[in-house]
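>>> Mind folding the following:
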Amino acid sequence: MNDHKANIDPSEQQKFDSIAATWWDPDGESRPLHDLNPARLAYIGERVKLQGARAVDVGCGGGILSEALAAEGAEVTGIDIASKALSVARLHLHESGQQVDYQQTTAEEWAQQHPASAGVVTCMEMLEHVPDPASVVAACATMLADGGHLFMSTLNRNLLSFAVAIVGGEHIARVVPKGTHQYDRFIRPSELCEWLRAAGMQPMDISGIHYNPLERTARVGGNVHVNYLVHATKPEK
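This is a model prediction of the structure:
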């Protein structure tokens, strides 16, 4: 990873490496990812055919979404900069029997090396952890072939999202470790759509995703005040 180091936050890399060992524990520190995954997967599956699709999961971590995409028949590459998380992801393949190609790299480097190579790109809960999220958006667009689909999720930036994600999620309910989020890195939907359009993408849908940590359920729809999903396409030329 010689290029694009400016868009890596070493403290974020260390943060996710530190929880790598518990990534696949549904009751551990990654519990919300396990609970949210079915809703995210359904959102993707309703909008694109995954069987036979070439997919790249950007910021794949321990591989929860990557494996789910593979189980739906996609040919999946998972990329991340956190080496320990990737080691856990590779080990879990022996247990699950899924096939995912995990690579330690940045989104920018992968896009540079593999332009227009994917039909589907996912990037979930990753944009708010990098110094330059617009650069990641542009890289995801570069990875996509014309007609490809991009799916992203992140956190809106407002007082409610601060209260729910940081005060509630980290300090009261404690469903994620303290320090997981930095409020100033939360992203408004208008900002994300601006970056998408600048990268030549066409936003198709923005939907809220609502998580109930007590019931451990997630649903898509309604307001986008806290956590939200975006679907965008790369127009045919």
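
>>> which stretches of the chain form helices?
Assigned by DSSP state H, the helices in the chain fall at 10-18, 31-45, 64-71, 83-96, 107-113, 133-143, 159-161, 189-198.

>>> got those as a markdown table, with mean pLDDT columns?
Shown next, in a markdown table, are the helices of the chain (pLDDT from 0 to 100):
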| stretch | mean pLDDT |
| --- | --- |
| helix 10-18 | 70 |
| helix 31-45 | 93 |
| helix 64-71 | 98 |
| helix 83-96 | 95 |
| helix 107-113 | 97 |
| helix 133-143 | 97 |
| helix 159-161 | 69 |
| helix 189-198 | 96 |
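
>>> Pairing-wise in the sheet, spell out the partners of residue 103.
Residue 103 has these beta-bridge partners by DSSP bridges: residue 79.

>>> distance of it from residue 70?
15 Å (C-beta to C-beta, to the nearest Å). From N, CA and C alone the C-beta is placed, and that goes for glycine too.

>>> the more surrounded of the two?
The residue with more neighbours, out of residue 103 and residue 70, is residue 70; 23 against 15, by other C-beta atoms under 10 Å.

>>> which ones are touching the more buried one?
Residue 70 sits next to 76, 98, 99, 100 when contact means C-beta atoms under 8 Å, 6 or more residues apart in numbering.

>>> neighbour-wise, which of the residues you listed leads?
Neighbour counts for those, by other C-beta under 10 Å, peak at residue 76, which reaches 29 neighbours.

>>> Thought residue 58 was touching it, still the case?
No. Look at residue 76 against residue 58 with C-beta atoms under 8 Å: they stay out of range, at 11.5 Å.

>>> what sits in contact with each of those two?
Common neighbours of residue 76 and residue 58 (C-beta under 8 Å, 6+ apart) do not exist.

>>> before we move on, the earlier item: how about JSON lines for the helices of the chain, with distance to residue 215 added?
Formatted as JSON lines, the helices of the chain follow (distance: least, C-beta to C-beta, whole Å):
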{"stretch": "helix 10-18", "distance to residue 215": "26"}
{"stretch": "helix 31-45", "distance to residue 215": "9"}
{"stretch": "helix 64-71", "distance to residue 215": "19"}
{"stretch": "helix 83-96", "distance to residue 215": "26"}
{"stretch": "helix 107-113", "distance to residue 215": "34"}
{"stretch": "helix 133-143", "distance to residue 215": "31"}
{"stretch": "helix 159-161", "distance to residue 215": "20"}
{"stretch": "helix 189-198", "distance to residue 215": "26"}
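
>>> of those, which approaches residue 219 most closely?
Ranking the helices of the chain by proximity to residue 219 (C-beta to C-beta) places helix 31-45 first, at 6.2 Å.

>>> What helices and strands are in contact with the closest one?
helix 64-71, strand 118-124, strand 144-155, strand 202-212, strand 217-220, strand 227-233 (3 or more C-beta pairs under 8 Å, 6 or more residues apart in numbering; DSSP states H and E).

>>> Just the closest of the contacts of residue 70 to residue 236, please.
Proximity of the contacts of residue 70 to residue 236 (C-beta to C-beta) peaks at residue 76, which lies at 23.6 Å.

>>> how close does that closest one get to residue 159?
Note on residue 76: its distance to residue 159, by C-beta to C-beta, is 37 Å.
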